[in-house]
Each structure stands twice: as C-alpha cells, then as structure tokens.
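Peer 1: okay, predicted coordinates and the sequence, questions at the end:
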Amino acid sequence: MAIPEFSATIESQHQRLDPDNWEDVYIVGDVHGCLDEFTDLLEQLNVTATDLVVVVGDLVRKGPDSAGVIELVRDSPNIFSVRGNNEEKLLRGTKSLPELTTDDLAWIQSLPVAISFADTLIVHGGIDPRKPLADHDVDDLQNTRSLVPGGSYDRPFWFDKYAGPQRVFFGHTVLERPIVRAHAVGLDTGCVYGGTLTAYDWRADKIIQYNATETIQERPDKKFVSPPAQTP
C-alpha cells in the first residue's frame, strides 16, 4: 500500500479514512453550489449512512446554492470533502459569498487539503510529478494543472506525466469526459457549466454521471479539456 508522505504542514491538513468502515465508497467531482444535482446524484447512487462519499473540493461558488451544499456535507457524517481552490479564495478574501456565515467559513477552514485511504489519494488540483510529494504545498495540491510555466491549459497536464505510486483522484480541470487511468482519475465534468456531475464507484471501479438540469455559467470551449481517446 502506497502511503502518502507529506511535509509536516500538509500532514496536519491530511485526513486518512478506512474504507473497511463503509459498504460502498464513492468519489464525486466538483459540485460548485449545484445542490439539486448533488442530492439527485446521491439518490441515484442510493447512498445510505453506511456508504462513504468523498468530494474532490470546490463545493462552493458559481452555482446557485453554496450554503445548501455546505449544510448537506457538514451535517452528513458519511460525506467528506477536501478543500478546493474556490474554498481557499473565500478564506484568503479574494472572493466572497455573502450568504455564508462565519461558522460556514470556520468549517471550510477545517477541511483537509488531502484525503487518503488504501492506495487512493484525493486532492483538488493534482500532483506535480517533477517533485516529491513531501515538497508540495497547499497551492500545489489545489491548483496544479499544466506543467508548462504560465500555461494553465497547455499540455502536458500533470496527469499526462504522473506515474504513481498513489492513484490520485482530482477535480479542478474541467473535462469533456472523465479521465480514468491507472494512477489518475479526473472527475470534474463541468456540472455548473451544463455538463455532468460525475461519481466514481471505488469498489466497482466504474463511473456514474448525472446530467445537469441547466447551465448556470457559460464557459469557453478552450477551457474544457478533451482527454485522449486512449488513456494510459
């Protein structure tokens, strides 16, 4: 089993879970305030209190009900989330959501930036394969995408070069369809942009998707990443 080795700073924001404590295990892509789609997906999956759900971050912003998503996750002992870059923007004051309370922000601050179990590592953005995991900081885990300096949407992306050892589940990069590879699984399929909300069934090794009911925000085509037809 590949155990993540983080720096002391990140380790304090790293949550370990035991999948043996749960029946089914699901990992869900970026929700972005789309409460209706999230609850409908959970119903489609037939999630019960004995099942584990982990979200890859970006619970908030862009969609219609960030406060409702926070309430649902916070009040559900079986639903966990890492802290995404959109949560971080609220904490750093570069973005705001007036509907959120100080208690909401305190709860967001308490979210880990990494969750792991078995050989699985869940972060929001990704892993930079050019340096050891122990050298990653919060910004790396939340924002890594392109490996080209200054090239946010230029290939190669980190997941094109990453070869383990952990299998990393991530969001942040909006995809035309999910990426499912031996060491990288991408789950942000643009629900808030009229795409789908994607879940990965960890035990069955399969993808489940729920179609968005509407387009909340428009997004340029160049900011949807098309994975290669054949993925390593």
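Peer 2: Received it, and whenever you're ready, just let me know what you need.
Peer 1: what about the helices in the protein?
Peer 2: Here the chain has its helices, by DSSP state H, at 8-11, 35-44, 66-74, 85-92, 102-110, 138-143, 158-161.
Peer 1: distance to G125 and mean pLDDT added to these, as JSON lines?
Peer 2: For every residue, glycine as well, the C-beta is placed using N, CA and C. Formatted as JSON lines, the helices of the chain follow (distance: least, C-beta to C-beta, whole Å; pLDDT from 0 to 100):
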{"stretch": "helix 8-11", "distance to G125": "13", "mean pLDDT": "96"}
{"stretch": "helix 35-44", "distance to G125": "20", "mean pLDDT": "98"}
{"stretch": "helix 66-74", "distance to G125": "19", "mean pLDDT": "98"}
{"stretch": "helix 85-92", "distance to G125": "7", "mean pLDDT": "98"}
{"stretch": "helix 102-110", "distance to G125": "17", "mean pLDDT": "98"}
{"stretch": "helix 138-143", "distance to G125": "5", "mean pLDDT": "98"}
{"stretch": "helix 158-161", "distance to G125": "8", "mean pLDDT": "96"}
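Peer 1: which among these is found nearest to V54?
Peer 2: V54 sits nearest to helix 66-74 of all those, at 10.2 Å, using C-beta to C-beta.
Peer 1: what sits against L90?
Peer 2: Residues near L90 by C-beta atoms under 8 Å, 6 or more residues apart in numbering: 60-61, 96-97, 100, 105, 108.
Peer 1: tell me the most packed of those, by neighbour count.
Peer 2: V60 (26 neighbours; other C-beta atoms under 10 Å).
Peer 1: I'd say P19 and V25 touch.
Peer 2: Yes. With contacts counted by C-beta atoms under 8 Å, P19 reaches V25, the gap being 5.3 Å.
Peer 1: quick check: the gap between the residue sitting nearest the centre point of the chain and G171.
Peer 2: With distances taken as C-alpha atoms, centre = their mean, V56 lies nearest the centre of the chain, 1.7 Å away. Applying C-beta to C-beta, to the nearest Å, the value for V56 to G171 is 4 Å.
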